[in-house]
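Visitor: no sequence for this one, just the structure:
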């Protein structure tokens, strides 16, 4: 009798649990398992329900409400896992120090290099045409001037980094 009743109730339980799971914020398989446990407890103490289908519908809704209340009361121990893709305070400080060192070196460049490099490093992301207009030079000379200024900057920064390293 009990085995036949379980086989008969299985499709109804699957359908009822699927219908109630989303609203309660739980998985339908968890609801099904909870209802099966309740049914087995009942079979052990009171015997089978008089109307198994009606009992099952009530049991699913009761378990769904309980699961919903539990989900509302539960709080995570911590917030979401740390987002390692964003730089931390140490990386931000190091980046700021590198930017300051770069801009300091750019200001010490000879000729019109400081203005050209400042325009290239500008957060405005200027085009070559805009840079040439701002500096009052031809757009065609920007490429060679940029190469010369970068080469000079590279030599300057290399000598500064080498001077600070320990030897021996």
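Guide: In hand now; what should we look at? Source: prediction; values computed, not measured.
Visitor: Which of the three states applies to residue 133?
Guide: When the structure is reduced to helix, strand and coil (DSSP: H, G, I helix; E, B strand; the rest coil), residue 133 reads as helix.
Visitor: Quick one: the strands in the chain, in order.
Guide: Read by DSSP state E, the chain holds no strands at all.
Visitor: residue contacts, residue 23?
Guide: The contact partners of residue 23, taken as CB atoms under 8 Å, 6 or more residues apart in numbering, are 64, 68. In short, each C-beta sits where N, CA and C put it, glycine included.
Visitor: Distance check, it against residue 32.
Guide: When CB to CB, to the nearest Å is applied, the distance between residue 23 and residue 32 equals 15 Å.
Visitor: Distance from stretch 58-72 to the middle of the chain?
Guide: 31 Å (CA atoms, centre = their mean, to the nearest Å).
Visitor: For that stretch, give the mean pLDDT please.
Guide: Throughout stretch 58-72, pLDDT has a mean value of 86.
Visitor: what residues does it touch?
Guide: With contacts defined as CB under 8 Å, 6+ apart, stretch 58-72 is touched by 13, 16-17, 20-21, 23-26, 30-31, 34-35, 38-39.
Visitor: Share the number of residues neighbouring the nearest residue to residue 126 once chain neighbours are set aside, please.
Guide: Closest residue in space to residue 126, ignoring its immediate chain neighbours: residue 119 at 5.9 Å, by CB to CB, 6 or more residues apart in numbering. As a burial measure, residue 119 scores 18 neighbours (other CB atoms under 10 Å).
Visitor: How about the contacts made by residue 119?
Guide: For residue 119, the contacting residues are 126, 131, 134, 135, by CB under 8 Å, 6+ apart.
Visitor: just residue 33 next, same as before
Guide: Counting by CB under 8 Å, 6+ apart, residue 33 touches no other residue.
Visitor: low pLDDT regions in this protein?
Guide: The model of the chain has pLDDT under 70 over residues 1-2, 75-84, 161-168.
Visitor: So which residues of it form helices?
Guide: If DSSP state H is used as the criterion, the helices of the chain fall at 2-24, 28-45, 52-73, 89-107, 113-120, 128-135, 142-164.
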